[in-house]
Every structure is written in structure tokens, then in C-alpha cells.
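J.: Any chance you can model this:
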Amino acid sequence: MFSIDLAEGAQLFPLEARHAEEFFAHIERGREYIGQYVGFPDRSPDVDSARAFLAKYAVKAGEDGARFFGIRLDGTLVGGVLYPNFDADAGNCEIGCWLEPAAAGRGLVTKACRILIDYAFGERGMHRVEWHAATGNKKSLAVAERLGMTREGVLRENYFHRGVRQDTEVWSILAHEWAATRSS
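T.: Numbers count the residues shown, from 1 in each chain. You can find the predicted model right below:
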């Protein structure tokens, strides 16, 4: 299996159905924290549903679509990054992230997202990478800003999560903008 080093003791790797037990244990540790703004903890109440969730992403990746990656810190799955949308034909994709509290504040998500953006633009020739996050998710919005993305606007009350309609901020960066940040 391949992995990419993010920092001392931290790696990024493809998160697959065979990691279901590890993924479920991670969700259990951070279920409420992660689930504040992210829906998959609520769709993974047990190992079997976690396995089915990861298997859906494996099918999508096989179709050159969405992809799911884990972040391990000292051998323990603590979060991850993903392409919830990946449309190579249109040249557009979206990235996102999640993390359990014990791993927050180490820059792991930002480093992992840089790898995903480098891949999208450098390897796949994407034109645009988007970031969608609930307006209340200040940590996620801070990652988008650190990545040099531009806030484009707010989709008002577009996301129904845990019984509440939430606003979603849309941020993006274009290929030529990313190239400029990488050369400076």
C-alpha cells in the first residue's frame, strides 16, 4: 500500500473498505466533533455501514470520480481528506476534510489538501478546485483561506444536517492561481 508522509509520524493513504474497522473506531472517537458539520458519521453507526460507505467511494474512485483518503498519526487513523466531487471531463473537483479533536492544530489537513490540489492540477489537469463548508465551521473555512482559496459566496440554507438548514460557503482556487502560489 502506498502512503505519503505529511509530518513526523503522519501519513496520507487511500482509505478503502478493508479499513472499515479502523474507520469505525475513528468515527466512534470523534463522532460528535466530526459530525457537527460532516454527514458520514451519522451514516456509519456500525462497522458494516462504515464498510459499505467506504466501498461506495471505492466504486466512485474506480469510475474516476470521488475519492477518500485517511490521515494516520502515529499509526492511528485520526481524520482524512477527500474529493467528494471529481469531474475530470469538466476540469472541476471539490476537496473536503475531517479530523478528530486529538489531531487538530498540527497542520495535517492543510498539508494533505495541498497534496490533493497538486494532484488535481498537476497530474489531472483540473481547472478549478472548490471547497464547501458550513458557515459555522470556522476551522474548515480557515483551511480554505490557508490554501489561498477565494471565498465566492454563500449558498443560503442549502444543506439540511441534523434537523437544521445550514448555509454553505463556497471557496475555490483556479489552476493558474495555484501555480502562482507554488512558484512564490
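J.: C-alpha only now, for contacts and for neighbours.
T.: Will do.
J.: so H127 sits right up against A88, yeah?
T.: No - if you go by Cα atoms under 8 Å, H127 and A88 don't touch, sitting 9.2 Å apart.
J.: quick one: low-confidence parts of this structure?
T.: For the chain, the stretches with pLDDT under 70 are 1, 184.
J.: now the strands for it?
T.: Along the chain, counting by DSSP state E, strands occupy 4-7, 10-14, 67-73, 76-87, 92-99, 128-134, 150-161, 164-174.
J.: want to try CSV for those, with distance to S183 as columns?
T.: Putting these into CSV (distance: least, Cα to Cα, whole Å) gives the following:
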stretch, distance to S183
strand 4-7, 20
strand 10-14, 24
strand 67-73, 26
strand 76-87, 24
strand 92-99, 22
strand 128-134, 18
strand 150-161, 18
strand 164-174, 15
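J.: For F53, which of these is the nearest?
T.: strand 67-73 (10.3 Å; Cα to Cα).
J.: Counting by contacts, list what the closest one packs against.
T.: When contacts are defined as 3 or more Cα pairs under 8 Å, 6 or more residues apart in numbering; DSSP states H and E, strand 67-73 packs onto strand 10-14, helix 47-62, strand 76-87.
J.: Of the strands of the chain, which is nearest G39?
T.: strand 150-161 (7.1 Å).
J.: how much distance is there from that closest one to the middle of the chain?
T.: Remark: strand 150-161 is offset 17 Å from the chain centroid, using Cα atoms, centre = their mean, to the nearest Å.
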